[in-house]
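1. Need coordinates for the below:
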Amino acid sequence: PRPAPLVPRLAAAAAALLGARSALAAGRGSQASEAALAADDECVAGAGPEDCALSALQRRALRRYGDLGAHEAHSAAEARHEQVPVWCQYQPWLCHGVGGGGGPLGFGQPPAPAPTWSHPWWFPPWGEQPEVTPAPTPAPIPRPTPAPTPAPSRWESLRNSLCDVLPLLCSSSPSPSPSSPSPTPILPPAKWPAALRQPSNGQVFTFYLYRVQDDNNYPQPNHDMTNLEGAMWYLHNEVVWHEGGRAGTYFSSPVTRILKFKIQTKATQPLLDLGMNFGVMNAFDSGMCTGPFECDNFQKSGYVVGCETWEEGPSNFPHAQWNNLNHYKGAAWYSLPGECPSKTYKEKSVECIKDEPGGMCPGGMEPTGTYDCTWNYEQVGEITIDELEGIDDYDAFIKAGGREYDPKTDKGVHMSFWDGLTDEQACARRVQRAKELFEQKYPDHPDLQAPPCDFNKYKFYPGRDV
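-> Numbering: from 1, shown residues only. Below you'll find the predicted structure:
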């Protein structure tokens, strides 16, 4: 054929192909949005109950708020207030957003750009970030100047342009797809030290921990739990302020209840020798430990229960940047390392479980303080969020125009239980309400007081920036 008629035909084919590409891209974009939402769900889409074991706090581990397009779209639809409320000074993320992008309440730019993250493996729920002194920029490494590439001819330019839109016309070997860098593996010690393999002379502590969860039941190892104050903080700051549902900031499976667990713990001897009964609070995502410091604490102290407080002190690690958001005094968080913490639930293998047995004692036996038997647990009760708030039917409450808590007004609609996020007396009353409900439902439960969170970041991580 003559060259002249070929160009229009190629142009028409190219236009058709570009249109098909746009349609495919739109489809893929929709799927990507669904995948992004599923990744922030407590239960990944299509997964069974064994994959639904992400805790209230874990779900914040690897997600920034800006990744959740669906939630941003929902929040942007809310009405804009005429002036910034005083409440914004406590929750700047809602008013100003993260990184200067504007927040869900629509008050535009924050007063100053957001500082950098202290620990990139964990992201706070409201965009509050710590001040970190930036590391000095290293001097650039000189690189050899590459030889100049000759300019392509007119025919080569035309051919390259056509190949971009009609790749079938051009025969070439496929280029390898870029791969993201693999995370640093968490390696178990080649041989556990004798001090970790022997029972310790520590005390066995028995107390209660709590977990906010949906209606599904699943095992609890490789989770984070809280005391009752921490559970109430979580509900108030991440769940009940969402309009029309209890599907938190970082997951879409609605929570319905607070579970109560009886926990027994015993520290290993190396940890006791440092003057502690609890280790560092580890974050878990999909059953995999994500920090701090690549979870190298297991090699030092075994798979002990970790704890953290959000008040100034040695146990205020690794999330001290959230202290000013905590008005539930005494709130504490705990981590329960289970088998194969270096892998996600879907990646755990028999070999990994053998090498990394975790700290849960087999068969519910009393902890011995060896590296692989530091804790056990038993679920002993639960209360529903409806019971806590004093409503009979949540769906009917929402349909009638109710809202548990509106962060714009710091009040609820047809409900006053959550009024006053920063009112410490009101927060204490809410904790007391939850405690009384558990006592009414389970009057035979003994009063087991949790020991103080005695983790000391300075002693455990000497020489590190903590």
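2. Please enumerate the helices of the protein.
-> 3-39, 69-76, 92-96, 154-165, 194-197, 228-234, 269-273, 297-301, 350-355, 385-389, 394-399, 424-441, 457-460 (DSSP state H).
3. Among those helices, show the one with the smallest mean pLDDT.
-> Here the helices of the chain differ in mean pLDDT, and the lowest is helix 69-76 at a mean of 33.
4. Could you find the closest non-adjacent residue to residue 213?
-> residue 259 (5.5 Å; CB to CB, 6 or more residues apart in numbering). C-beta coordinates here come from the backbone N, C-alpha and C atoms, glycine included.
5. Who are the contact partners of residue 426?
-> Residues in contact with residue 426, defined by CB atoms under 8 Å, 6 or more residues apart in numbering, are 419, 420.
6. make it 6 Å
-> Residue 426 sits next to residue 420 when contact means CB atoms under 6 Å, 6 or more residues apart in numbering.
7. now it: how far from residue 286?
-> Distance of residue 426 to residue 286, given as CB to CB, to the nearest Å: 35 Å.
8. remind me which residues of the stretch 51-200 of the chain are low pLDDT?
-> Scanning the stretch 51-200 of the chain for pLDDT under 70 picks out 51-190.
9. try it again with 90
-> By pLDDT under 90, the low-scoring segments of the stretch 51-200 of the chain are 51-191.
10. What count of nearby residues applies to the residue nearest to residue 213?
-> 18 (other CB atoms under 10 Å).
11. just residue 354 next, same as before
-> Applying other CB under 10 Å, we find 11 residues neighbouring residue 354.
12. start the count at 47, not 1, going forward
-> Will do, 47 is the new start, and the previous item becomes residue 400.
13. Would you mind measuring from it to residue 385?
-> To residue 385, residue 400 is 9 Å away according to CB to CB.
14. ranges for the strands of the stretch 347-496 of the chain?
-> Remark: strands assigned in the stretch 347-496 of the chain by DSSP state E, counting those that start in this stretch are 352-355, 378-382, 421-430, 449-452, 457-459.
15. Counting by contacts, list what the first one packs against.
-> With contacts defined as 3 or more CB pairs under 6 Å, 6 or more residues apart in numbering; DSSP states H and E, the secondary structure elements packing on strand 352-355 are strand 378-382.
16. you'd agree residue 246 is up against residue 414?
-> No. Counting by CB atoms under 6 Å, residue 246 stays clear of residue 414, with 7.5 Å between them.
17. quick one: which of the two has more around it?
-> Higher neighbour count among residue 246 and residue 414: residue 246, with 23 against 17, using other CB under 10 Å.
18. Contact partners for the more buried one?
-> Contacts for residue 246 (CB under 6 Å, 6+ apart) come out as 314, 315, 318, 415.
19. how about 7 Å then?
-> By CB atoms under 7 Å, 6 or more residues apart in numbering, residue 246 lies in contact with 312, 313, 314, 315, 318, 415.
20. swap in residue 407?
-> By CB under 7 Å, 6+ apart, the contact list for residue 407 reads 413, 419, 421, 422.
21. Skipping adjacent residues, who's closest to it in space?
-> Ranked by CB to CB, 6+ apart and with sequence neighbours excluded, the top spatial neighbour of residue 407 is residue 419, at 4.1 Å.
22. where's that neighbour relative to residue 323, distance?
-> From residue 419 to residue 323 the distance is 15 Å (CB to CB).
23. same question, residue 427
-> Residue 427 sits 25 Å away from residue 323, going by CB to CB.
24. which one of those two has more residues nearby?
-> Neighbour count, other CB under 10 Å: between residue 427 and residue 323, residue 323 has more, with 20 against 16.
25. So for the more buried one, what's the pLDDT?
-> The score at residue 323 is 98. That number is its pLDDT.
26. go on, residue 331?
-> The score at residue 331 is 88. That number is its pLDDT.
27. So what sits opposite it in the bridge?
-> Judged by DSSP bridges, the bridge partners of residue 331 are residue 334.
28. how many other residues sit next to it?
-> By other CB under 10 Å, 20 other residues sit near residue 331.
29. mind checking how far it is from residue 434?
-> Applying CB to CB to residue 331 and residue 434 gives a distance of 27 Å.
30. do the same with residue 496
-> To residue 434, residue 496 is 20 Å away according to CB to CB.
31. Residue 353 now?
-> Residue 353 is 24 Å from residue 434, by CB to CB.
32. ditto for residue 477
-> Note on residue 477: its distance to residue 434, by CB to CB, is 11 Å.
33. Could you point out which of the strands of the stretch 347-496 of the chain sits nearest residue 372?
-> The minimum distance between residue 372 and these falls on strand 352-355, with 8.9 Å, by CB to CB.
34. Show me what the closest one pairs with in its sheet, parallel or antiparallel.
-> The partner list of strand 352-355 in its sheet, established with DSSP bridges, is strand 325-326 (parallel), strand 378-382 (antiparallel).
35. The residue nearest to residue 407 contacts residue 412, doesn't it?
-> No. Contact between residue 419 and residue 412 fails when scored by CB atoms under 7 Å: they sit 8.7 Å apart.
36. Same drill for the two, tell me which one is more crowded.
-> Using other CB under 10 Å, the more surrounded residue of residue 419 and residue 412 is residue 419, with 22 against 11.
37. still on that earlier bit, could you dump the contacts of residue 246 into TSV and include distance to residue 299 and neighbour count?
-> As requested, the contacts of residue 246 are exported to TSV (distance: CB to CB, whole Å; neighbours: other CB atoms under 10 Å):
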residue	distance to residue 299	neighbour count
312	34	27
313	34	28
314	35	31
315	40	22
318	39	19
415	36	23
